[in-house]
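J.: this one's structure only:
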């Protein structure tokens, strides 16, 4: 983690996975930390506070959205098409910036981060699974699987091997994404996401492109891995069935959480 | 319906303006460079033809006196014996530093010249009395009027377009005054209608030699190799331009597959679509072709003066420095644009026409088409082998070019395979995830870029090859000049008598006075310049012999042997111990061959005694003077003062060398210009390829970005990728360029100019070229990189946006 | 001899020069050049030689010949001098131009050749004593005008003839001052019409020995045509009774001008004034793309002359730089005989 990142982070969350509870704060920052601890519970991982977001044309997508997610908690985000589910997810993933309100992820206020700060956050704190275009076409399954973890600098070969095994990918490691089925591709995506042992897994309709059988397998695998690693999950779906399997559920209507 | 379909097809170009611009620019560049070269060649050839027609050259037999000028009385003798001949006095005049050829003809007896006929038919035909009687008139092209008009020493000027450039045509009576060669005749032209019975030449003028019209060396023939060289360059540029067209058209077709599928689903037949697309391509080709012609016209206009200077310097061939729009190359240019477009898009069109109505969008399929698979590589190896075989089996200039073409095309085809192999190796060696991704991503980019990289390879190889040739030539030439121009002073006296006086005056003051005497002989192999030399250490030590037999100088000075230049040796395959027939009656053994650059004609050197026997009346008014170099300047001035010589009659060695180098440099101006342009086109090809790949790049980049790489880093990686590919290509281009240089020096030069040059290596030039290439790559990748840097995240997010 | 082609030469030097007035520029002005005046006293042999201060001059020989094969032939040998300036200089600088025309006319064919040169270099010229007129290898060489050797060659013909004068020189007009128009244009003009000719013609079919009669015209001037005159018809007629007549008609916009000289057997010449001789074309032939009269009625009532003159060969066209018709003719009618006809400006 660079010094620049440190300036933007009130807390220096350690880049090395598994050692992230090590403090590295100055006395000045300690005061700030205490304030934050008072403000939000220590279990809180992700918090949306009065978040607003509009499209470039000015049409509002999210209006005063407030939402919170604790560590290890799973949350299903449902809503109609165009209700702003994906936008919310993109904001949570630090892929996009909010127009108003505050988003806090792992004690980091996202609106205080610049492009590289957000990129660093994406590398180290969270993982993403999309409906499609998830994998890097030019890399093999094995390379894709370990890619995120290696980017984050916490590659653990044993863990990766374990993941591959769990996900049934061991025989497919040398294949390229274009030679995999949709279900296989999504399993690789989940594997890649979990290889970095993220605190937060963000999934946008991960089974949207899959048939029923594959869909069930992928979802089972994802939920069990999340449970095993203690990661939190924010899952965007329009399926009530899937939503029912998660700890909590939030419903977006017209850019607003009900 | 057709109109609707056209609107639909055309809408693609509206949406992809940059693509359209790329296509047109590619076509324009290809056509432009090609047409420029064609225009230059056409202009030069037209100049030769005009000169030949206007001066009725090569249509008549000629009579020469190998020993010197023909006296006027000889002409009258022949005439009074019934021979219908016409007198010509040919010489050079330097006006304000510009060398002009003065052609004095007997306007009364000479066959009708187009230039004169044109004047007669003009609104104000000149009075024959003005032309034939003092002061006479000078006929020249309009552009010379400024130079010649209003000079007290010159007769009034009349202009005519029907004359070759840099030539003054005048009556022989005016010319003999102008050239100060009274009563002299350079040659006699044997007119067509001879009386039924005339005495034979041997009875009237046995010293004269008759040359058949057909055996006179034609300028066009002489310069063929030069023009072939230019054409080859033009073709190379054209090919490089076509790479751009190919890439753009392929992408446009791929992007339109969905539209075409829809159109077919709506009931438009494939046949109709193919026809309409062909019409569309033709229209684009014609627009691009016209742009190219404009470009070519201006380019040719810019380059022609240097080409003209080269042709004058190298071959003495007069070429007008002005380009005129000639239908010949306009039509060729448009035809090339059309042909090139269909050549470059034929494959894409064919695939489109065979596309099943229900197939997928197929961008992926298009990309893999140009991939570096081993079949293409094998085809490349076959092309290289074919070229080499052509040279080994057939030999000659055309085969030389065939080999170069095979080498270049073959290497270009092998390149993607080689690059792919290298990237695989690099990827395996890579440690970090980003590095691994970069290498693998480059491999996926490779198919889309390989055409541009092939173009870059060709341009780089041509640059290295031609650069090596020119630099090797320059190094050789400088060394050769040092050997050839050994005298400290070069003196030209007004006439033989003054020459004698100067020689006597100089002899006690200097180390040596070396007479320079030469005569042009009509030889079966073309004009042969015979030189006489006296025995001097200068020659023995310095003369640049490339092949000799033992005791070469002793044998030459004893009058037993002759030296010939490399051109003659190679052309006629004459080497030491062979025999050269200098005149029909004099044959001598060849003792050595010397290198001789800058002229295409044959030369021979004999001892002065021999020379005197062969050409007793050849002028003896030029000398080289050997003395201590530091005295040269003073002595030059003393000579001028003593004999009232004009400045240019006494030239110092340094000035002479500078002049020679100047001619040399001009010779390669065009080559260098075309070289740089080709490199520029290749750079542009990379840019267009990167831009056309742009839309496909996002899905590759977006996941990486989402995984936590900043856009700035991704942009830097984009630059790095482009630079790395260019650098790899440059590395492969080096051996290819050196092979090309070898072919140019050892094959093409020998065939085209008659001399073989040693090859020198110039690593500093390669480094420079590499830096230039990297710069080009950075510039080419800069636009996509900046675009990436400024890309709104929303655009990247759109990649993930689902069609929900 | 009449006006004759001559001035042609003025334009000849450069092919195609010639857009001046009158036929072949003969109507030009005479600035700087000498002009013939009445009462000139001829001096021989000097006057057989050139007169460079006059613009035009010629040595013009025609002959009617009979071959050993019994066929009629005609030959022409002409040397024209044309001065660009009224001076002479050495070498290429000479402003004097020389033009040679030679022809052989057989009953079927007309052969001709042309030579061109400038003075000053020795390629062409005339000397008076000993007499020689030459251009290239062509020559008319005497010791003097009494006995001449004549030679000319073309690509497909040639001749080699000797001439011997059997009578005196004849002076036309007023003692050699020959008027050419009502405006007073004139030339110096004398002839030697009494040559016996003998020699050989070289023709494509072989050599032919010939004998016959020759007629030499000497004329020089500077401006022999009036501005309105466009051409002429000139006759030299040798009648079987021994008399001869030179007659010409200059065709002008303001009317024709005619003149003639009646030459008695002993050489006595009588000038015949304008309007006395009548010329009437009887038939034309299509020659070289034009209609040229090849049969004429010529009448001179004073001498009871009323003859029909017809060409031996209609196609006696001189397709030289300046084109004209020149060929042998036969005479029938009140008198019989033979002669030469020259027609220009058709």
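T.: Thanks, I have it. No experiment lies behind these values; they were computed from the predicted model shown.

J.: from here on, contacts and neighbour counts on C-alpha atoms
T.: Will do.

J.: Where is the longest strand in chain C?
T.: Determined from DSSP state E, the single longest strand within chain C is strand C:186-203.

J.: Pretty sure residue A:99 sits against residue A:54.
T.: Yes: counting by Cα atoms under 8 Å, residue A:99 touches residue A:54, with 7.0 Å between them.

J.: hang on, the earlier thing: looking at the first helix or strand past the longest strand of chain C going along the chain now, give me its mean pLDDT.
T.: Downstream of strand C:186-203, the next assigned helix or strand under DSSP states H and E is strand C:206-221. Throughout strand C:206-221, pLDDT has a mean value of 94.

J.: And for stretch B:438-446?
T.: Stretch B:438-446 carries an average pLDDT of 83.

J.: so what's the residue in the stretch 151-300 of chain C positioned nearest to chain B closest to, chain neighbours aside?
T.: As assessed by Cα to the nearest Cα, chain B sits closest to residue C:155 within the stretch 151-300 of chain C, at 4.1 Å. For residue C:155, ignoring the flanking residues on the chain, the nearest one in space by Cα to Cα, 6 or more residues apart in numbering or on different chains is residue B:195 at 4.1 Å.

J.: tell me the contacts of that neighbour?
T.: B:82-84, C:153-156 (Cα atoms under 8 Å, 6 or more residues apart in numbering or on different chains).

J.: so what's the backbone phi/psi at the closest residue to chain C within chain A?
T.: The nearest approach of chain A to chain C comes at residue A:138, 82.5 Å away (Cα to the nearest Cα). The phi/psi pair for residue A:138 (degrees, to the nearest 10) reads phi -80, psi -10.

J.: show me the contacts for it.
T.: A:176, B:437, B:440-441, B:443-444, B:700.

J.: swap the cut-off to 6 Å and go again
T.: B:440-441 (Cα atoms under 6 Å, 6 or more residues apart in numbering or on different chains).

J.: Local confidence estimate at it?
T.: Model confidence at residue A:138, expressed as pLDDT, equals 76.

J.: repeat for residue C:286
T.: pLDDT, read off for residue C:286, is 92.

J.: Could you report the neighbour count for it?
T.: Neighbour count of residue C:286, defined by other Cα atoms under 10 Å in any protein chain shown: 12.

J.: Quick check: which element contains it?
T.: Taking DSSP H and E as the definition, residue C:286 sits inside strand C:278-287.

J.: Which positions within stretch B:230-247 qualify as buried?
T.: Across stretch B:230-247, burial judged by 16 or more other Cα atoms under 10 Å in any protein chain shown covers B:230-247.

J.: Stretch B:475-489: which residues count as buried?
T.: B:475-478, B:480-489.

J.: Kindly report the same for stretch B:295-304.
T.: Buried residues in stretch B:295-304, counted by 16+ other Cα under 10 Å: B:295-297, B:299-304.

J.: same question, stretch B:418-425
T.: Quick answer for stretch B:418-425 (16+ other Cα under 10 Å): B:418-420, B:423-424.

J.: and which of the buried residues of stretch B:295-304 is nearest to chain C?
T.: Closest to chain C out of these is residue B:304 (35.3 Å), distances taken as Cα to the nearest Cα.

J.: ok so that closest one is a strand residue?
T.: No: using DSSP: H, G, I helix; E, B strand; the rest coil, the assignment for residue B:304 is helix, not a strand.

J.: Chain A contacts on the stretch 301-450 of chain B?
T.: Counting by Cα under 6 Å from any Cα of the partner chain, the residues of the stretch 301-450 of chain B close to chain A are B:433, B:440-441.

J.: Contact partners for whatever residue of the stretch 501-650 of chain B ends up closest to chain C?
T.: Closest residue of the stretch 501-650 of chain B to chain C, Cα to the nearest Cα: residue B:617 (22.1 Å). By Cα under 6 Å, 6+ apart, the residues touching residue B:617 are B:67-68.

J.: again with residue B:293
T.: Taking Cα under 6 Å, 6+ apart as the criterion, residue B:293 is in contact with residue B:32.

J.: could you say which helix or strand contains it?
T.: helix B:270-315.

J.: And chain B, is stretch A:50-64 touching that?
T.: No: using Cα under 6 Å from any Cα, stretch A:50-64 stays clear of chain B, coming no nearer than 9.2 Å.

J.: What's the end-to-end length of that stretch?
T.: 4 Å (Cα to Cα, to the nearest Å).

J.: tell me the helices in the chain, going along the chain?
T.: Let's take chain A. A:3-8, A:27-39, A:85-92, A:115-124, A:141-152, A:157-167, A:182-195, A:212-229, A:240-244 (DSSP state H).

J.: please go with chain C instead
T.: C:8-12.

J.: Great, nothing more from me.
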